[in-house]
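S.K.: can you look at this prediction? I've put the sequence above it.
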Amino acid sequence: MFAFCTEPDTLGTFQWFACYFTTGVHMNLYISLGTVLLLLAITAPVSLAFGFAGAMASRSSFLPLSLLGKAYTSMVRGVPDIVFFLFFIIALDQALEWTKHQIVCPDWTEPIRQGANFLVCPQAKIPLGNAPQAWHEAYNFGLAVFTFAIVFGAFAANVLYGAMRAVPRAQMETAEAYGMTQRQSFWRILVPQMWIYALPGLSNLWMILIKATPLLFILGIEDIVYWARELGSSKSAKFFDYPHGDWRLWYFIGLLIFYLTFTRLSEIVLERITKRLSHGQAIAGGSS
């Protein structure tokens, strides 16, 4: 807040907007923007790790592991994202609290499931009821990252599985002819070459992940869409220092510009990565 913001009624247009966009409530919007970017930065590699594990499990010669990998990719991909987010996050939270309840409150006699209510002892709450607000926000954020990773990891697993199968079998046979073990062939031949086949699909997943960030509000996190709606709604001079009409259209236009800019920057980066990976490799259309 600037020093000249003490009397909003006396401000000129530029000063009024300078004060308006630096209020404490607007800081929540800027923090939520950082939260979205942090979610993307963490979720992308974690989802890729889940996907790689799922793809390796699906192509495993050990039947139970192969069935587990294929069941993971099929089940998660077959459930609408919003349904999975609504169900899984509640089930995961209750599973964690139930497990902690069995450890810290073994003498508890009341039923945990009481109709629609799920009641554990106060010591089993995660986080504890008297924990700082930051812990509650960090816990919700951690659940969000894990849930996003599970969902998008299943799609990534399907992409990576197809990419592994797209690498010409002759490459693996040549590696085996040179005396490489299956493990060496996998890490030295298959994995380096599969990325050029996987990148188009992974690029699409990255774009979808960007568009899915408004689902954070379902998980109890106040994201940029939530704050845009709140800040853009009508503010009365009776209750607010900076009253205005319904500005939600302008806030959502700002969000539109942000998402379009971010996706365009992503496309530029992904194009450069594609060119780098395809350099010197033989692809379906001929040598690159």
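M.R.: Received, thanks.

S.K.: for residue 224, what are its contacts?
M.R.: 29, 32-33, 36, 213-214, 255, 258 (Cβ atoms under 8 Å, 6 or more residues apart in numbering). In short, each C-beta sits where N, CA and C put it, glycine included.

S.K.: may I ask which of those has the most neighbours?
M.R.: Using other Cβ atoms under 10 Å as the neighbour criterion, residue 213 leads the contacts of residue 224 with 22 neighbours.

S.K.: not counting its neighbours along the chain, what's nearest that one?
M.R.: Of all residues not flanking residue 213 in the chain, residue 36 sits nearest, at 4.9 Å (Cβ to Cβ, 6 or more residues apart in numbering).

S.K.: what strand or helix carries that neighbour?
M.R.: Taking DSSP states H and E as the definition, one finds residue 36 inside helix 24-58.

S.K.: that helix packs against which elements?
M.R.: helix 63-78, helix 133-166, helix 191-212, helix 224-232 (3 or more Cβ pairs under 8 Å, 6 or more residues apart in numbering; DSSP states H and E).

S.K.: how does it look with 6 Å?
M.R.: helix 63-78, helix 133-166, helix 224-232 (3 or more Cβ pairs under 6 Å, 6 or more residues apart in numbering; DSSP states H and E).

S.K.: angle of the second one against helix 191-212?
M.R.: Orientation of helix 133-166 against helix 191-212 (axes from the mean of the first three to the mean of the last three Cα atoms, to 10 degrees) gives an angle of 140 degrees.

S.K.: got the buried residues for helix 133-166?
M.R.: Neighbour counts over helix 133-166 (16 or more other Cβ atoms under 10 Å) mark 139-141, 143-161, 163-164 as buried.

S.K.: do the same with the last one
M.R.: For helix 224-232, the buried set under the neighbour-count rule, 16+ other Cβ under 10 Å, comprises 224-228, 231-232.

S.K.: just put those in JSON lines and tack on distance to residue 178 and pLDDT.
M.R.: As requested, these are exported to JSON lines (distance: Cβ to Cβ, whole Å; pLDDT from 0 to 100):
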{"residue": "224", "distance to residue 178": "53", "pLDDT": "86"}
{"residue": "225", "distance to residue 178": "54", "pLDDT": "85"}
{"residue": "226", "distance to residue 178": "57", "pLDDT": "84"}
{"residue": "227", "distance to residue 178": "58", "pLDDT": "86"}
{"residue": "228", "distance to residue 178": "58", "pLDDT": "86"}
{"residue": "231", "distance to residue 178": "63", "pLDDT": "84"}
{"residue": "232", "distance to residue 178": "64", "pLDDT": "84"}
